[in-house]
Every structure is written in C-alpha cells, then in structure tokens.
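In: Any chance you can model this:
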Amino acid sequence: MNTDTPRTKRNADLPEVVGVHLRHLSRADRNAYLQALRAGGWTLRSLAQSSGLTRERVRQLLELPLEPTDREAIADLPVPELPVRPDQSRPQKADVSPETLARLRELQPVAQLVRSHGKRHRLEAEEFTELLAHAVQVEGVSVYRLAKHLGVTHNAIRFRLMRYGYVAQPDGRAHRVHQPLAARNRA
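Out: Residues are numbered from 1 along each chain as shown. Got it, this is the predicted structure:
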C-alpha cells in the first residue's frame, strides 16, 4: 500500500468484485482473504458489508489462525487500495505584512485619541484607517485576524472602516453613528 498518498478509511466501500469473491470462496479461503483485506487497511465495517457478515463476526474470523496453504489459495485475488482522501486543506489565510502591522501599532494609540469633530490627531487617524483598509482590501487580511493583532474587536475595525468611508453600509440603512465623516471634519 502506498503511504505517500493520504487515504481514507471512513465510509469506504470495497468494490463489488471483492464481495463476489468473498461469497464464493470456501471458509478457509474466505478467512484468509478477509485477513489480506484487513492488512490492506480496510475497516471491519467495509469487510462486513462486502461479505454479508456482521462486523463482530468478521472480527472473530480475523482472530482465527491461518494455515500457510490458505494464503497461497488467495494469492491471485485482488486487494484494492483504499480510496484517496479528498483534499481537505484550507487555503492559507493571509496575514498582515510586518511593515503595515508595525505602522498600525505605532499609529493606533494616537488614532484612538480623536474625538468628535476635533482636528487634533486627525491625520494620524486617517492614516491608521487607510492602513486598515489597505490590509483588508489589498493584502486580503480578515478583519478578525487584524483585530487580534491590534488587540481590539473586529466590530471596532468595521465601524472605523465604515465611518471613514472605506466600506459601504451593510444594509443600506442610514444610521447616525454609521454616517461617514463630514468633509469639513476630514484632515
């Protein structure tokens, strides 16, 4: 059996030809064939389904000792490989570039000082928000991952992006809090 390729055992069914062989072999040959299939990685469930026996009976038969002549009788019977496991790997999540993250962390304390319509620290706040938008929209970083890096909630980042006009309102409703900043308050 090839161990380089990931194989699956879960809910794998043996080919129909194996079931035909299992039903038409003598008891000793059937037991030897079951042991060969089990050594090939097949589960008790799949062996039981193909042979028409219960899973417990298959387990009992596998414990019986075999004669060397039993193995010779089944040498020409097929022992199929397990099916290949479907690719279940998730795409690698994008992470914020070190330069962008360093600048975000540098601007974050100052950007959080902006209050109401004040112009003090507005440039830093706008640069901070522009970098957030760049990380999300260009670098492909999730808002949640970005929030973890910065130690804030993901809703705080979403709110900031909406407030500064980088993201549209999710439902289109006008809400006073989610209105973009007025042009006269921009730096």
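
In: Domain boundaries for the chain, per the record?
Out: As given by automatic domain parsing, the domain ranges for the chain are 1-84, 98-185.

In: how far out from the middle of the chain is the last one?
Out: Spelled out, that is domain 98-185. 29 Å (Cα atoms, centre = their mean, to the nearest Å).

In: pLDDT averaged over it, what's the number?
Out: Average pLDDT, domain 98-185: 84.

In: Compare the domains of the chain and report which one is nearest to Gln92.
Out: Of all the domains of the chain, domain 98-185 sits nearest to Gln92, with 10.5 Å by Cβ to Cβ. In this view, the C-beta of every residue, glycine as well, is placed from N, C-alpha and C.

In: With mean neighbour count and distance to Gln92 as extra columns, can I get the domains of the chain in JSON lines?
Out: Listed next are those as JSON lines, based on neighbours: other Cβ atoms under 10 Å; distance: least, Cβ to Cβ, whole Å:
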{"stretch": "domain 1-84", "mean neighbour count": "15", "distance to Gln92": "18"}
{"stretch": "domain 98-185", "mean neighbour count": "15", "distance to Gln92": "11"}
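
In: Quick one: those domains as TSV, columns for distance to Pro91 too.
Out: Formatted as TSV, the domains of the chain follow (distance: least, Cβ to Cβ, whole Å):
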stretch	distance to Pro91
domain 1-84	18
domain 98-185	10
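
In: For Val20, see how far away the residue lying farthest from the centre of the chain is.
Out: Going by Cα atoms, centre = their mean, the residue of the chain most distant from its centre is Thr69, 47.7 Å out. According to Cβ to Cβ, to the nearest Å, Thr69 stands 23 Å off from Val20.

In: re the thing from before, would you confirm that the residue farthest from the centre of the chain belongs to a strand?
Out: No - with DSSP: H, G, I helix; E, B strand; the rest coil as the criterion, Thr69 is assigned helix and is not in a strand.

In: wait, what's in contact with it?
Out: Listed by Cβ atoms under 8 Å, 6 or more residues apart in numbering, the contact set of Thr69 is empty.

In: Helices of this protein, start to end?
Out: Counting by DSSP state H, the chain has helices at residues 16-24, 27-39, 44-51, 55-63, 68-73, 98-111, 122-137, 143-150, 154-163.

In: Adding distance to Pro83, write the ones you listed out as TSV.
Out: Formatted as TSV, the helices of the chain follow (distance: least, Cβ to Cβ, whole Å):
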stretch	distance to Pro83
helix 16-24	13
helix 27-39	14
helix 44-51	10
helix 55-63	20
helix 68-73	25
helix 98-111	42
helix 122-137	40
helix 143-150	35
helix 154-163	40
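
In: closest to Leu82 out of those helices?
Out: Among the helices of the chain, helix 44-51 sits nearest to Leu82 (Cβ to Cβ), with 9.2 Å.

In: hang on, the earlier thing: can you tell me which of the helices of the chain comes nearest to Arg85?
Out: Here helix 44-51 is closest among the helices of the chain (Cβ to Cβ), at 15.0 Å.
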